[in-house]
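Asks: after the sequence you'll find the predicted model.
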Amino acid sequence: MRSQGINGPSYRFLHGNNQEILNIKKSAEERAMEGFDLDVCPKVKLVYWNGPKPELVTTNLEILKEVISDKDENFPKDDVEGYLRILLGDGLVVSRGEKWAKMRKLANHVFHGESLRDMTPAMVECVEVMLERWKPYGGKEIEVFEEFKHLTSDIISRTAFGSNYIEGKDIFQMSKKLTSIIARNAHKIQLPFFK
């Protein structure tokens, strides 16, 4: 990567740069954001060592487009194991080759303009329900982060499963817990047979 002009921490035996990443995350969580700027994408670049294998995390749109439309498999996907495999299942994110192409075609249909237009009334209804919940707050501040997570879950429930967030609440909460466990352990050293 250095020969291509990409600098970052060197590899360290056994744990790569996991400890540095954990320290960076901890430091970022402890500090309040100063001079809030929505344009964070150019700043998010990181060399990450996955064991002895270097990986580059980038938000460069041209590179991301190239990776996502990789028909020649120049950018192979890592094998997904453990709890992450349980969370993601055997879907589009982890599949490869012919299965990936088939699933991508199915996913494209869902996001086609006509399909999205059919979902619009359900999305509008979800937003109206959220705004109705906000009425008692009047001109007071509210924490919108949780509200928008709730809205997203409600829209997914209604458009994909024909129910609402309340009916699927347990599933969303279990998914949230599993995601939290996976994120918490993502940068910890894992030795074969001792995970």
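Replies: Good, I have the coordinates.
Asks: which non-adjacent residue is nearest Pro52?
Replies: For Pro52, ignoring the flanking residues on the chain, the nearest one in space by C-beta to C-beta, 6 or more residues apart in numbering is Tyr11 at 6.3 Å. Where you see a C-beta, it was placed from the backbone N, CA and C, and this is true even at glycine.
Asks: wait, isn't that neighbour in contact with Pro54?
Replies: Yes. Assessed by C-beta atoms under 8 Å, Tyr11 is found in contact with Pro54 at 7.0 Å.
Asks: of the two, which one has the most company?
Replies: Pro54 (18 against 15; other C-beta atoms under 10 Å).
Asks: wait, a strand at the more buried one?
Replies: Yes. Membership of Pro54 in a strand is supported by DSSP: H, G, I helix; E, B strand; the rest coil.
Asks: which pLDDT value belongs to it?
Replies: pLDDT recorded at Pro54 is 76.
Asks: distance check, it against Ser69.
Replies: As for Pro54, its distance to Ser69 is 23 Å (criterion: C-beta to C-beta, to the nearest Å).
Asks: equivalent analysis for Ser3, please.
Replies: 26 Å.
Asks: between the two, which is the more surrounded one?
Replies: Ser69 (10 against 5).
Asks: neighbours of Tyr152, how many?
Replies: Actually, residue 152 is Thr rather than Tyr. 13.
Asks: spatially nearest residue to Ser157, not counting backbone neighbours?
Replies: Nearest to Ser157 is Gly168, by C-beta to C-beta, 6+ apart, at 4.5 Å.
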